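**Q** no sequence on this one, just coordinates:
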């Protein structure tokens, strides 16, 4: 591989937001995971854990996450008493290891707003069209139709370094997938709720859920042509 080949691989990877239902062959998925394990980690401890679901297990997880999203939507919109009802009735209440609903730091908020505005504009969704925006946001909990879903955990005893190492592994996984014609999309919103994952997997108790990741083959949907671009890296010389 030439330096140009590597640059093209990195710069053409996209977060896929609409997948075909075709399953990823088990041999190919194993190959991608084998590549991912070669990412560097703190004293080579590989202090992360990945749970992978496909088939009926994916469908159960998809259904449960959609139920939780729908039950929490009023609270997400901060409607009167919705948050109180969510906690009292235990419907849609977050049970993740980290707070995913917290406000963005002030200096990062503009970048969040920018990419959101550009994505919805790309899809032709007006800012005032709350129903359409909710429907697109809900697609995250559908895993965008992906046939395979993964969940990434970090060892709590080595945080924050284990989270760093999990990120390195995840990027290696996504690049290997892209090189093999497989699409991916990290789904941080899935870390809002851990219950569905614990119901399907025997996760060691000292691992904390960081994110989900959808894995599959990209469809020809217009959303998959979206390119968020990148800003310059802040540095001091």
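**A** Nice, I can see it. Remember, it's a predicted structure, so these values are computed and weren't measured experimentally. Residues are numbered from 1 along each chain as shown.
**Q** alpha carbons only for contacts and neighbour counts from here, please
**A** Will do.
**Q** low pLDDT regions in the chain?
**A** The chain contains residues with pLDDT under 70 at 89.
**Q** regarding this protein, what is its longest strand?
**A** Longest strand in the chain by number of residues (criterion: DSSP state E): strand 207-216.
**Q** partner strands of it and their direction?
**A** When pairs are called by DSSP bridges, strand 207-216 turns out to pair with strand 148-155 (antiparallel), strand 183-187 (antiparallel).
**Q** burial check on residue 191, number of neighbours?
**A** Around residue 191 there are 24 other residues, counting by other C-alpha atoms under 10 Å.
**Q** skip the chain neighbours and tell me the closest residue to it.
**A** Spatial nearest neighbour of residue 191, chain neighbours left out: residue 211 (5.2 Å); criterion: C-alpha to C-alpha, 6 or more residues apart in numbering.
**Q** so what sits opposite that neighbour in the bridge?
**A** Beta-bridge partners for residue 211, by DSSP bridges, are residue 152.
**Q** surely it touches residue 140?
**A** No - the pair residue 211 / residue 140 is not scored as a contact, 11.8 Å apart, by C-alpha atoms under 8 Å.
**Q** where do the contact lists of those two overlap?
**A** Residues touching both residue 211 and residue 140 (C-alpha atoms under 8 Å, 6 or more residues apart in numbering) are 187, 189.
**Q** give me the more crowded residue out of the two.
**A** Taking neighbours as other C-alpha under 10 Å, residue 211 and residue 140 compare with residue 140 leading, 24 against 21.
**Q** and the more buried one, how far from residue 185?
**A** 9 Å (C-alpha to C-alpha, to the nearest Å).
**Q** same question, residue 117
**A** According to C-alpha to C-alpha, residue 117 stands 19 Å off from residue 185.
**Q** okay, the two: which has more neighbours?
**A** Between residue 117 and residue 185, residue 185 has the larger neighbour count (other C-alpha under 10 Å), namely 23 against 14.
**Q** the nearest residue to that one once chain neighbours are set aside - how many residues pack around it?
**A** Take residue 185 and drop its neighbours on the chain: the residue closest to it by C-alpha to C-alpha, 6+ apart is residue 15, 4.5 Å away. Close neighbours of residue 15, defined as other C-alpha under 10 Å, add up to 21.
**Q** list the residues that contact residue 15.
**A** Residue 15 neighbours (C-alpha under 8 Å, 6+ apart): 183, 184, 185, 186, 224.
**Q** can you say which of those residues are buried?
**A** Buried members of those, counted by 16 or more other C-alpha atoms under 10 Å: 183, 184, 185, 186.
**Q** out of those residues, flag the one nearest to residue 204.
**A** residue 186 (21.8 Å; C-alpha to C-alpha).
**Q** which residues does the closest one form beta bridges with?
**A** residue 213.
**Q** against residue 171, how distant is it?
**A** Applying C-alpha to C-alpha to residue 186 and residue 171 gives a distance of 10 Å.
**Q** and for residue 195?
**A** For residue 195 relative to residue 171 (C-alpha to C-alpha), the value is 25 Å.
**Q** mind listing the helices for the chain?
**A** Applying DSSP state H to the chain gives helices spanning 3-12, 26-36, 55-76, 82-89, 109-122, 130-138, 161-179, 195-200.
**Q** most tightly packed of the ones you listed?
**A** Ranked by mean neighbour count under mean count of other C-alpha atoms under 10 Å, the helices of the chain are led by helix 161-179, which reaches a mean of 21.
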